[in-house]
Structure formats: structure tokens, C-alpha cells
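**Student:** What would the 3D arrangement of this be:
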Amino acid sequence: MSDSSNQPPSNPNPPVTPASNQNLIVGLVMGAAILLLLFLVFDNHNGAIGGGNQEPSATELKEQITELRRSNDVLATQQNFGAGTSSYGVDPLKLAEEISVEANTLAGMIGNFAKSIQEKEALLQTARDREALLNSRVQDLQRKNLELNELAIEATTLRKELDSLKTLYDNAQRQIEELRKRPDQATVERLRKENEELRNRLLALSDLQEENAKLQEEVRRLRSLLDRSRLFVEDTGTLPAIAQRLFRELQRLEDKEASELAAEYARIERDLNAKPLRSINFATGSSQLTSEKIGIIQNDLRETHPGAFLLVVGYASTTGDQDANRKLSSDRATTVASQVNFDKKQTQDVRAVFLSETNRFSRDQAPLNQICEIWEIRP
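**Tutor:** Just a heads-up that it's a prediction; the model follows:
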């Protein structure tokens, strides 16, 4: 038998060696690592979109990749020792098949994650579009708010102008009403005639008032003459005792200065319960009372005591003839006493006396000494 007959037949399919299986496994592991890298990229991107939360399937994938790495380490050990079967009893072909299945599963999951990421990116883009739309609407609202503020200011200005116009309108209406109330020409003429008649009557009344004043003055003069014999006292000894004391006290004041009279009058009021109601001044040479002075006397008498004794004391200045001054001062005292007697209360009594020529009220102005004092002596 020839040598060729002793050779075994050639096998077209060479047997699979452990080295070739190990190379296949290493390639699968490298592929799985690449897929892992892609997964981590997608996973990080998904974490940025989803706020950093990982789904449970991602944790499972990481655990599977850890298992693949462990298997790769085992294969590397087998290759170093040249064994067809690992010392741990792991079949390389079976392990390669499992790695292939796991890699396919991992690839499917990565595809699902990629699809999920695309969907989330689409949602994110939609959110961004909505945000842009909302920002545009906010800008529109801010612009409209600014316009509304401007309109509010303009409305306030218009309201003020309206109020001003309303005030002008009201004033115009009042003026129109006043013009409507004004009389016509015939009424004006009638009123003018009536006014003229009234003016003529007033003039006539003025003349009558002057005549009436003259008549009243004459009545007072005649009344004073009639009252003189009863009211004017020539002899002060006929006066009531309290009036005599007052007369003597006033005589003692002849040498007093005008500045001292107030204190002396206060003493007399305290001692005799007598006080001066009023001092009536007369013009030089006159003994008549004016209407104003008569009104003053009437007002003073309203406050007197019902049982009071009223004493009118006449003074004359030291200028001129002594007898003439005495007569003029007596006439003045009688005129005042007559008016007091006319206006006094019925329960009161009044008398008039002449004291003397004096300058006690003023040393340098003689008219100031031409007076009559009205004294009230209370019971």
C-alpha cells in the first residue's frame, strides 16, 4: 500500500479550534462594548432631557454588560492556557451564542432608547415652540399693558377737561338764568319811576327828620325848663343824706390830678356804694344833648338798681365869666337830669346840682372840663 493510501482523507471543513472560538468571542465582546458606549451616550442624553432619572431596563443592561466582561476575562484565561474548555467548565460556543443573543437584545434596547430619545426631543422641541409662543404672547401683553397705561393717563386728562367744561357749562347756565330773570325795558322803566318816587319820599322824610329833630330838641329844652324847679337843687342841704355825703366827697377832689381820680372814685364806691355811670361832655356854649348821647344814657340806665338815687353833677371850665359858666353848667346838669328822669325806672329818683368850675379832668384842655357826671347811689 502506497504512502498516499495511508494518509487520512482531507476534511474540507477544518475543525474549529479553541483559538478561533476565542477570537469570535473577543469580537462579540468588543461589539458589545461598542454598543455599550452608544447606549451610554444615549443614556446620558436621555438623562439630560429627562432630568437624570434612569429607567429600570438601563440598569439591567449594565448588569448584562458586566456579565459579558466577566465572560471575556474567562475566555482570555482559556486562550492563555490553550485549553479548549475553560477550567470552570464553560463551553465557548455556548458562551458565544449567549453573548450573541445578549448583544442582539442590547441592540434592540438601544434602538428603543434611541426612538424614545427622539420622541422626547420632539416633545422638547414642542415645549420650546410653546415657550417661544408664550414669550411672544407675554411681549404682546406687556405692550398692550403699556398702551392701556397710556390710555388711562389720557382718560384722566380727558376727565379733568370734561370736569372743567362741565363747570364752564354750569356757569354759563347760571348766567343764562340770570339773564332770563332780568326785567324787560318796560319793567326797568317802571322800576326807575318807582325808585325816583322813593327817592323823593326819602328826601321829604329827611326834611321831616330834620324838622322832627328840631322839634324833639325843642321839646327837651321845654321839658328841661319845666323840670328845672323840681330837679335842680340850689341848696345841697335839701338832698338826701347819702347824696350830700357824695357831694362833699366830690368837692374834696378839686386839687386832685386827673391820674388820681380813678383811685378816689374807687374809694367813694367802696365807702358810699356810689359809682359814676357816665360823663357827658358838651360843646362850648351848648347845653343840648345829641341823639347819640341820649341813646348812651338810655343804655346806662337799663343796668341801674331799681331803688337807686341818681345824682347829676355839673362842672364848668375855668375859662370865661364865672356867673355865665355857673348858669351854663346848671343848664347842662338840668338837661341831663331831665333826660334821666324821662328814661329812669319809676322807683328811682333823680336830682341835679352844680359843683364848681374845675380843671380836675384836664389842666390844659378846658373843653374836657365841660361835663356832667351821672352818679348811681345804690341803697
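**Student:** Show me where the protein dips below the pLDDT cut-off.
**Tutor:** Where the chain drops to pLDDT under 70, the residues are 1-29, 31-33, 35-65, 68-69, 71-90, 92.
**Student:** And it, split by domain according to the record?
**Tutor:** Here the domain parsing of the chain from automatic domain parsing is 16-141, 230-377.
**Student:** now the ones you listed as CSV including distance to R159?
**Tutor:** Placement of C-beta: from N, CA and C, glycine included. Written out in CSV, the entries for the domains of the chain read as follows (distance: least, C-beta to C-beta, whole Å):
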stretch, distance to R159
domain 16-141, 26
domain 230-377, 60
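**Student:** Tell me which of these is the most buried.
**Tutor:** With neighbours defined as mean count of other C-beta atoms under 10 Å, the domains of the chain peak in mean count at domain 230-377, which reaches a mean of 17.
**Student:** Scan this structure for its longest helix.
**Tutor:** Counting by DSSP state H, the longest helix found in the chain is helix 92-181.
**Student:** mind listing the strands for the stretch 251-379 of the chain?
**Tutor:** Taking DSSP state E, counting those that start in this stretch, the strands of the stretch 251-379 of the chain run over residues 274-281, 309-316, 349-357, 371-377.
**Student:** The shortest one pairs with which strands?
**Tutor:** So that's strand 371-377. Paired neighbours of strand 371-377 in the sheet (DSSP bridges): strand 274-281 (antiparallel), strand 309-316 (antiparallel).
**Student:** Now do it against strand 349-357: the angle between them, please.
**Tutor:** Using axes from the mean of the first three to the mean of the last three C-alpha atoms, to 10 degrees, the interaxial angle of strand 371-377 with respect to strand 349-357 works out to 140 degrees.
**Student:** that older thread, looking at the domains of the chain, which is nearest to L179?
**Tutor:** Ranking those by their distance to L179 (criterion: C-beta to C-beta) puts domain 230-377 first, at 45.0 Å.
**Student:** okay, how far is it across that closest one, tip to tip?
**Tutor:** With C-alpha to C-alpha, to the nearest Å as the measure, the ends of domain 230-377 fall 19 Å from one another.
**Student:** so how far is whatever helix or strand comes next after the longest helix of the chain off the chain centroid?
**Tutor:** Using DSSP states H and E, the helix or strand that follows helix 92-181 towards the C-terminus is helix 185-231. Taking C-alpha atoms, centre = their mean, to the nearest Å, one finds the center of helix 185-231 at 58 Å from the center of the full chain.
**Student:** Against which helices or strands is helix 185-231 packed?
**Tutor:** Under the contact criterion of 3 or more C-beta pairs under 8 Å, 6 or more residues apart in numbering; DSSP states H and E, helix 185-231 touches helix 322-343, strand 349-357.
**Student:** Indicate which one of these is closest to Q251.
**Tutor:** Ranking the helices and strands packed on helix 185-231 by proximity to Q251 (C-beta to C-beta) places strand 349-357 first, at 6.8 Å.
**Student:** what's the closest one in contact with?
**Tutor:** Strand 349-357 has contacts (C-beta atoms under 8 Å, 6 or more residues apart in numbering) with 231-233, 236, 239, 243, 247, 250-251, 254, 309-318, 322, 325-326, 329-330, 333-334, 336-337, 340-341, 344, 369.
**Student:** same thing but 6 Å
**Tutor:** When contacts are taken as C-beta atoms under 6 Å, 6 or more residues apart in numbering, the neighbours of strand 349-357 outside the stretch itself are 231-233, 236, 250, 309-316, 318, 325, 329-330, 333-334, 337, 340-341.
**Student:** Same question for stretch 264-281.
**Tutor:** Outside of stretch 264-281, the residues within contact range by C-beta under 6 Å, 6+ apart are 246, 249, 253, 293, 300, 336, 371-378.
**Student:** what does stretch 368-377 give?
**Tutor:** Here stretch 368-377 makes contact (C-beta under 6 Å, 6+ apart) with 242, 274-282, 304, 308-309, 311-315, 317, 332-333, 336, 358-359, 361-362.
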